[in-house]
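In: what would the 3D arrangement of this be:
(one chain, ligands or ions: 1)
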Amino acid sequence: MTVEGATIEQLEQFLGAGKEVNCARPLDGEVRLTASEVGTVRVHRIYHGSVVDGPGLRSVLQVQGCPIRCVGCYVPETHPSQGGTMMSSADVLAAVLDPNFERSGVTILGGEAMAQAEELQDIASVIVAAGHHLTLYTGYTVEYIRDRGTPGQSNLLRLADLVIDGPYVRKLGGDVGEWRGSRNQRILSHEDVHRILKGGNA
Ligand code: SF4
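Out: Next up is the predicted model:
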């Protein structure tokens, strides 16, 4: 709703106090994380009901740790590889696929998913096998992973239905449409990713 000509105080008189929605992510969709003694995945947070991290309504696994360190990154708190909460794959899956929340799909973002690709492969496989659309964000290009990455990193890319790749470049940011942070980043289909990994072009 757009209202012109009224102060915040006047609006609160009529509508009551506003509620912060955290960049379109409902605050009550955030999961309280439980550390596991057999933890294998370092998680920054898990939340539901996102409409900005891929098509439709997303349940989101945001992993902890990013070695890329783009200038102007909007989630610097995800950079340290020692932060976050160590969780087992089973606990991550239970939280991400919680049947109490509606979703059109699941998104894995970071931090940097490729930094934990070996661990995330199993989680991504279960998500895809259960019939959920998987969107994956990475600050590396698919070509970089193809040429210099590990088999596990390529496998993780292959599992996704949609990949948004490339680092955040501040001078190319702003007014870039949905899902991306800067214009250099690409929105790649499952077929695009497979073609690039085989040596083709986007
Ligand atoms: S790759 Fe993503 S999380 Fe890592 S520094 Fe760049 S924008 Fe931030």
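
In: the residue of the chain found nearest the ligand: neighbour count?
Out: For the chain and the ligand, the shortest gap (Cβ to the nearest ligand atom) falls at G139, measuring 2.4 Å. (Each C-beta comes from the backbone N, C-alpha and C, glycine too.) By other Cβ atoms under 10 Å, 25 other residues sit near G139.

In: likewise for V38?
Out: Using other Cβ under 10 Å as the criterion, V38 is surrounded by 10 other residues.

In: where's the closest residue to it other than its chain neighbours relative to G110, distance?
Out: Distance criterion Cβ to Cβ, 6 or more residues apart in numbering; nearest residue to V38, sequence neighbours excluded, is S88 at 5.2 Å. Distance, S88 to G110, using Cβ to Cβ, to the nearest Å: 19 Å.

In: same thing with Q82?
Out: Note on Q82: its distance to G110, by Cβ to Cβ, is 15 Å.

In: also K171?
Out: Noted for K171: a distance of 22 Å to G110, by Cβ to Cβ.

In: mind checking the SS state of S59?
Out: The local conformation at S59, judged by DSSP: H, G, I helix; E, B strand; the rest coil, is strand.

In: can you verify my assumption that it contacts R103?
Out: Yes - applying Cβ atoms under 8 Å, one finds S59 in contact with R103, separated by 4.5 Å.

In: compare the two (neighbour count), which wins?
Out: Using other Cβ under 10 Å as the criterion, S59 and R103 rank with S59 on top: 25 against 20.

In: just to revisit the earlier point, hey, what's in contact with both of S59 and R103?
Out: Common neighbours of S59 and R103 (criterion: Cβ atoms under 8 Å, 6 or more residues apart in numbering): H48.

In: alpha carbons only: can I get stretch 54-63 in PDB?
Out: Output of stretch 54-63 as PDB, limited to C-alpha atoms (Å, rounded to 0.1, in the frame of the first residue of the first chain):
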ATOM      1  CA  GLY A  54      14.400 -17.500  -6.300                       C
ATOM      2  CA  PRO A  55      11.000 -18.100  -7.900                       C
ATOM      3  CA  GLY A  56       8.000 -18.200  -5.700                       C
ATOM      4  CA  LEU A  57       8.000 -18.900  -2.000                       C
ATOM      5  CA  ARG A  58      11.300 -20.300  -0.800                       C
ATOM      6  CA  SER A  59      12.700 -22.100   2.200                       C
ATOM      7  CA  VAL A  60      16.300 -21.000   2.500                       C
ATOM      8  CA  LEU A  61      19.500 -22.600   3.800                       C
ATOM      9  CA  GLN A  62      22.100 -19.900   4.300                       C
ATOM     10  CA  VAL A  63      25.500 -21.500   4.900                       C
END
